[in-house]
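> sharing a sequence plus its predicted fold:
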Amino acid sequence: MNRLRTNDEFKKEDNDFLGDGIESKQLHPDGSDVNTETIVQLAKALQSNTHVTDVSLADQDLDDRAAISFAELLRTNNNDNNQKITSLILTMNCFTDIGAKAIAKSLEFNDTLTNLMIHGNEFGSSGAQAFLDAMKYNSALTDVSIRSEICMAVSQDAMIPHSIHNDILNLCKQNEAGMRTRQVQINKAERDRLVVVSSS
């Protein structure tokens, strides 16, 4: 099994796991060596990466540890840090409400991710609600899928209310049209002000 490198070791020439290496725009690992521990390392390594834009980890049996690692990545992945992950596909894994809430919370601080596919996991309505709540602070996402009619037979997608999914889709359409930028800035400023007040 290839060993993923730490941030300091993350080099093109010695990281076969990334296929074409650090210069590659897309990362779609495949095979029996992909597991939660490997993906946790990958998420940490990607925190210093400025080249990869698309990550697809569909149907890898990843659990909440992987979701939390990607939440940490998304929280720091923004234009200020010159990090550019714009598409993340985590469908058909084993994320519960814990992992879903971690990823959702990170979206409040992310301004580069535009596409998130996370349907077919094991989270229900409270995880879905967390995504809707996070949209109050996110004007970048234009395509989010937390529910799939196709996946309902094999996942918790049936437990996610249509209304939550539809509200998220409507907010994504407004983001795409640029209709929410100012309101999201106001929401973030109010959130940050409340954090300062509560910590003093």
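Everything's here; your move.

> for the closest residue to residue 73 other than its chain neighbours, what are its contacts?
Spatial nearest neighbour of residue 73, chain neighbours left out: residue 43 (4.6 Å); criterion: CB to CB, 6 or more residues apart in numbering. Heads up, the C-betas are built off the backbone N, CA and C, glycines and all. For residue 43, the contact set (CB atoms under 8 Å, 6 or more residues apart in numbering) comprises 66, 69, 70, 72, 73.

> quick check: phi and psi on the closest residue to residue 78 other than its chain neighbours?
Spatially, and ignoring its direct neighbours in sequence, residue 78 is nearest to residue 111 (4.8 Å; CB to CB, 6+ apart). Dihedral pair for residue 111: phi -130, psi 20, per degrees, to the nearest 10.

> my guess is residue 111 contacts residue 141, does it?
No. Residue 111 is beyond contact range of residue 141, at 9.7 Å (criterion: CB atoms under 8 Å).

> neighbour count for the two, which is higher?
residue 141 (21 against 17; other CB atoms under 10 Å).

> need the pLDDT of the more buried one.
Per-residue pLDDT puts residue 141 at 96.

> returning to what we had before: need the contacts of residue 43 in CSV (columns: pLDDT and neighbour count).
What follows is these, written out as CSV (pLDDT from 0 to 100; neighbours: other CB atoms under 10 Å):
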residue, pLDDT, neighbour count
66, 96, 25
69, 96, 22
70, 95, 28
72, 94, 17
73, 93, 24
